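Trainee: I would like the atomic coordinates for the input below:
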Amino acid sequence: MFMIFVFLVLVPYTVVFTDLVDPKIDIVDFRDSNIYEHPYCKKVACPSYQKESVQWPNARSRIYEESHWIASPFYPEVNGSCFLGSEMKEYYHEMVQYFDGINRMGLSIHRTLPIRILSHLQSDKKRVCNLRFYIPFQNAPIQPPAPILTNTIIGITERTRCFVRHKRGMYSWSKILQIHKSLIALVESLDDEKNLNTKDVIVDIFGGYGLPNKLKYFEVLLCENEPANLS
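Mentor: Purely as a prediction, here's the structure:
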């Protein structure tokens, strides 16, 4: 049995808690089941999407499928960035422990990509941040194990259309905000009927900390407000 409720302040996100299922399972490996397109996901499970036939200059249009994520609570920006501060580091380490088996099933899960950071603009014009790791349970015979540590939750992002720009090399939060702003301008100039969620800045990091700059890779996402109703 599990409980479902809606995490209202973000893009559509449903939180799912699970009971113990099978204590005999000691590791889950979905690395061969992903259908992601770029080389960072050849040996690592990543969320799946469909590429749309019409691709715009300097951007890609994708339909992201429903996917499970482990997520942190919201934490405040530090010096205008979601990358800084002790809270972000604490949540990051707690999520790594979740993959190492610190969960209610004692289940070890191979690490996945990407690490997702979402910045949400509140009604008071202040931004709060949210850290997420993808967990590949959408086609699994079991529900994802519930966290033990209190600062993490399990949720589902609904199927939705996003517009994406990717970059290689060194990244900073100011650069991500610039890319997001330019992505809004591009999409609105080409199709002003899109129902864009401009309050949320989403960045997916595939190659980051500890890697040389030439191997760093990230994607900035601008998504629609409503789940995609495409077949």
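Trainee: Relative to the whole chain's centre, how far out is stretch 123-139?
Mentor: 6 Å (C-alpha atoms, centre = their mean, to the nearest Å).
Trainee: typed the wrong thing, it's stretch 111-130
Mentor: What separates the centre of stretch 111-130 from the centre of its chain is 9 Å, taken as C-alpha atoms, centre = their mean.
Trainee: isn't there a strand covering Leu221?
Mentor: Yes - counting by DSSP: H, G, I helix; E, B strand; the rest coil, Leu221 is found in a strand.
Trainee: from what I can see it touches Arg161, true?
Mentor: No - using C-beta atoms under 8 Å as the test, Leu221 is too far from Arg161 to be in contact (10.2 Å). The C-beta positions use only the backbone N, C-alpha and C, and glycine is treated the same way.
Trainee: Number of residues surrounding Ala45?
Mentor: 23 (other C-beta atoms under 10 Å).
Trainee: just Gln178 next, same as before
Mentor: So Gln178, with other C-beta under 10 Å, has 12 neighbours.
Trainee: swap in Val220?
Mentor: Residues near Val220, counting by other C-beta under 10 Å: 25.
Trainee: and if you look at Ser182?
Mentor: Counted with other C-beta under 10 Å, the neighbours of Ser182 add up to 15.
Trainee: what's near enough to touch it?
Mentor: Contact analysis of Ser182 by C-beta atoms under 8 Å, 6 or more residues apart in numbering lists Arg165.
Trainee: and it, that one's in a helix?
Mentor: Yes - membership of Ser182 in a helix is supported by three-state DSSP.
Trainee: So what does the closest residue to Tyr64 other than its chain neighbours have for phi and psi?
Mentor: With sequence-adjacent residues excluded and distances taken as C-beta to C-beta, 6 or more residues apart in numbering, Tyr64 is closest to Tyr49, at 4.5 Å. Main-chain torsions, Tyr49, degrees, to the nearest 10: phi -150, psi 160.
Trainee: Which pLDDT value belongs to Tyr49?
Mentor: On pLDDT, Tyr49 comes in at 89.
Trainee: Can you tell me how far it is from Ile154?
Mentor: The spacing between Tyr49 and Ile154, counted by C-beta to C-beta, to the nearest Å, is 21 Å.
Trainee: Over to Ser67?
Mentor: Per C-beta to C-beta, Ser67 is found 12 Å from Ile154.
Trainee: So between these two, which is more surrounded?
Mentor: More neighbours surround Ile154 than the other of Ser67 and Ile154, with 23 against 20 (other C-beta under 10 Å).
Trainee: how close does that one sit to Leu215?
Mentor: As for Ile154, its distance to Leu215 is 30 Å (criterion: C-beta to C-beta).
Trainee: what's the answer for Pro76, then?
Mentor: Per C-beta to C-beta, Pro76 is found 30 Å from Leu215.
Trainee: same thing with His68?
Mentor: For His68, the distance to Leu215 - C-beta to C-beta - is 27 Å.
Trainee: before we move on, what about Gln50?
Mentor: Distance from Gln50 to Leu215, by C-beta to C-beta: 27 Å.
Trainee: just Leu84 next, same as before
Mentor: To Leu215, Leu84 is 22 Å away according to C-beta to C-beta.
Trainee: backbone phi and psi for Thr59, please?
Mentor: Quick fix: residue 59 reads Ala, not Thr. Backbone torsions of Ala59, given as degrees, to the nearest 10, read phi -160, psi 160.
Trainee: Okay, and the residue nearest in space to the middle of the chain sits in which element?
Mentor: Geometric centre of the chain, nearest residue: Arg116, 3.7 Å, by C-alpha atoms, centre = their mean. Using DSSP states H and E, Arg116 falls within strand 115-121.
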